[in-house]
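Trainee: Let's see this in three dimensions:
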Amino acid sequence: MIEVGPDSHAELLWGLRGGGGNFGVVTRFDFQLHPVGPEVMFAFVFHDGSDGRMADAIRFYRDFACAAPDEVSTLLACGVIPPDPAMYPATLHGRPFAAFVGLYVGDPEEGRRLLQPLRDFSTPLIDASDVMPYIAAQQAFEHEFPAGRRYYWKSLNVSQLHDAAITQIAAHALAPALALQHHRPLAHRRGGAPRQRRDERLLRARVRLPDQR
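Mentor: Residues are numbered from 1 along each chain as shown. I've put the predicted structure just below:
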């Protein structure tokens, strides 16, 4: 067994956090937890994605996410509203959409103010934004991914999203399950202490390498 952390076998830690290789068997994770909630502001709003609006929505999302504080995490999902009468009004079925999702982990009223631009981007098709328990926000998309199915995701990390790339993304935005995500390191304060970013010490892992017995 070896201990892996930011100060010990850092390259192996990088691999385990998403490098993509088959490095061994992780037998234990130690996470640094932060208090959240119990209530948070959760933005969940659908905007019209037809007639060239998709590219505008993606550009707006890029600019909003880059300027957002660390306490905000966001997601943009693009697609076509499915014919599900239990979830969506019949008048919206088949309509292209750009959905903004945002979560603020600080004071809910401050979160309402900070996330309001996601709701004001245009006249919403659907706006389910509200203050809610953090647990409810975590469960918001469970109905989209029923247990027992085999889900496959491919993703790409980018440091910038140029206008040329946005044009290409918008051209394919009606493909199933296309999403853009922007996650900021979670910050917190305790008794006026300096902010401690999650990426400073995200996790430590105990690893069994393939050649060890």
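
Trainee: my guess is A57 contacts F121, does it?
Mentor: Yes. Taking contact to mean Cβ atoms under 8 Å, the distance of 6.7 Å between A57 and F121 places them in contact. All C-beta spots, glycine's among them, are computed from the backbone N, C-alpha and C.

Trainee: so what sits against both of these two?
Mentor: Common neighbours of A57 and F121 (criterion: Cβ atoms under 8 Å, 6 or more residues apart in numbering): H47, F100.

Trainee: which residues does V72 bridge with?
Mentor: Under the criterion DSSP bridges, V72 forms beta bridges with Y104.

Trainee: pull the longest helix from the protein.
Mentor: Ranked by residue count under DSSP state H, the longest helix found in the chain is helix 53-67.

Trainee: ok, and what's touching that one?
Mentor: With Cβ under 8 Å, 6+ apart as the criterion, helix 53-67 contacts 47, 49, 72, 74, 76, 78, 96, 98, 100, 117-118, 121-122, 161, 163, 166-167, 169-170, 173, 180, 182.

Trainee: can you map out the strands along the protein?
Mentor: For the chain, the strands identified by DSSP state E occupy 2-4, 25-31, 39-48, 72-80, 96-104, 126-127, 130-133, 178-182, 203-208, in order along the chain.

Trainee: Pull out the buried residues from the longest helix of the chain.
Mentor: R53, M54, A55, D56, A57, I58, F60, Y61, R62, F64, A65 (16 or more other Cβ atoms under 10 Å).
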